[in-house]
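S.K.: Here is my input; please provide its structure:
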Amino acid sequence: MPSSLSSRASSGSAQRHAAANKTHHTAPKGQPSHEIRIIGGQWRRTRLKVLDKTGLRPTPDRVRETLFNWLGQDLTGWCCVDAFAGTGVLGLEAASRGAAHVLVVEQDAVLVRDLQDNVTRLKADMVSVQRGDAVTSLARLPAGSVDLVFIDPPFDGPWFEPALKAAVRAVPVGGWIYLEAPVAWTAEALGALGLQCERHLKAGAVHAHLLQRTA
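M.R.: Okay, here's the model as predicted:
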């Protein structure tokens, strides 16, 4: 299996990839604070409402655009997981670009309801919405069964390392994990988990990492 990002991007749907970022806005409780839009694929320009929730950081357009450029734009046939989904925009963006199946995991009941409403509105049969703990859901997946995992947990929690460990098991060698974090992860810390960073960007206070499983 090729290990370079460029070779994977050129070989399209048979390969695996990932990356991204997010921001928080304030509005009356329970009311939409703003909208985000899907930027590519079959649902390009479709707008999604974002509720005011503390810590909710929908990935901005420009960061998602960079991410999916890294991934080669076409995700036809991929199997993806959007853990800690929030608005689910990363998972929906992947589905819009051809992913065969996207599991979207979110624990907040209100966000789960909105996610399901968006999936129904888009007629996104390839997207499954699951309410539950992201780390537990990742750990239950068959080993090596997922091409791409998005990980963007609340920044004030202890989920980063457990989520990465579960995601490493879920993807095969050569598979891809997108990580969003408040700090840049070092090569040493990632290497201990069997990962290497192929791409990194900093947008405001957020560090976005495109990681590949190497072992």
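S.K.: Now do the strands in this protein.
M.R.: Listed in chain order, the strands found in the chain under DSSP state E are 32-37, 47-51, 79-83, 101-106, 127-131, 148-151, 176-181, 195-203, 206-213.
S.K.: Of all these, which one is nearest residue 94?
M.R.: strand 79-83 (4.6 Å; Cβ to Cβ). Placement of C-beta: from N, CA and C, glycine included.
S.K.: which strands and helices sit next to that closest one?
M.R.: If contacts are counted by 3 or more Cβ pairs under 8 Å, 6 or more residues apart in numbering; DSSP states H and E, strand 79-83 sits against helix 89-96, strand 101-106, helix 134-140, strand 148-151, helix 160-170.
S.K.: wait, what's in contact with residue 133?
M.R.: 105, 107 (Cβ atoms under 8 Å, 6 or more residues apart in numbering).
S.K.: and the closest residue to residue 122 other than its chain neighbours, how many neighbours does it have?
M.R.: Nearest non-adjacent residue to residue 122, counting by Cβ to Cβ, 6 or more residues apart in numbering: residue 43, 5.8 Å away. The number of residues packed near residue 43 is 21, by other Cβ atoms under 10 Å.
S.K.: Return the per-residue confidence for residue 36.
M.R.: On the pLDDT scale, residue 36 is placed at 86.
S.K.: next one: residue 42
M.R.: At residue 42, pLDDT is 92.
S.K.: in the longest helix along the chain, what counts as buried?
M.R.: Using DSSP state H to define each element, the chain has its longest helix at helix 109-122. Neighbour-count burial for helix 109-122, counted by 16 or more other Cβ atoms under 10 Å, picks out 111, 112, 114, 115, 116, 118, 119, 122.
S.K.: Including pLDDT and distance to residue 207, could the residues you listed go into CSV?
M.R.: Output for the buried residues of helix 109-122, formatted as CSV (pLDDT from 0 to 100; distance: Cβ to Cβ, whole Å):
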residue, pLDDT, distance to residue 207
111, 94, 23
112, 95, 27
114, 92, 27
115, 94, 25
116, 95, 31
118, 94, 27
119, 96, 29
122, 95, 30
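S.K.: and which of those residues is nearest to residue 182?
M.R.: Closest approach to residue 182 among those (Cβ to Cβ): residue 111, at 21.0 Å.
S.K.: What residues does the closest one make contact with?
M.R.: Here residue 111 is in contact with 51, 53, 56, 85, 86, 87 (criterion: Cβ under 8 Å, 6+ apart).
S.K.: surely the first one meets residue 114?
M.R.: Yes: using Cβ atoms under 8 Å, residue 51 makes contact with residue 114 at a distance of 6.5 Å.
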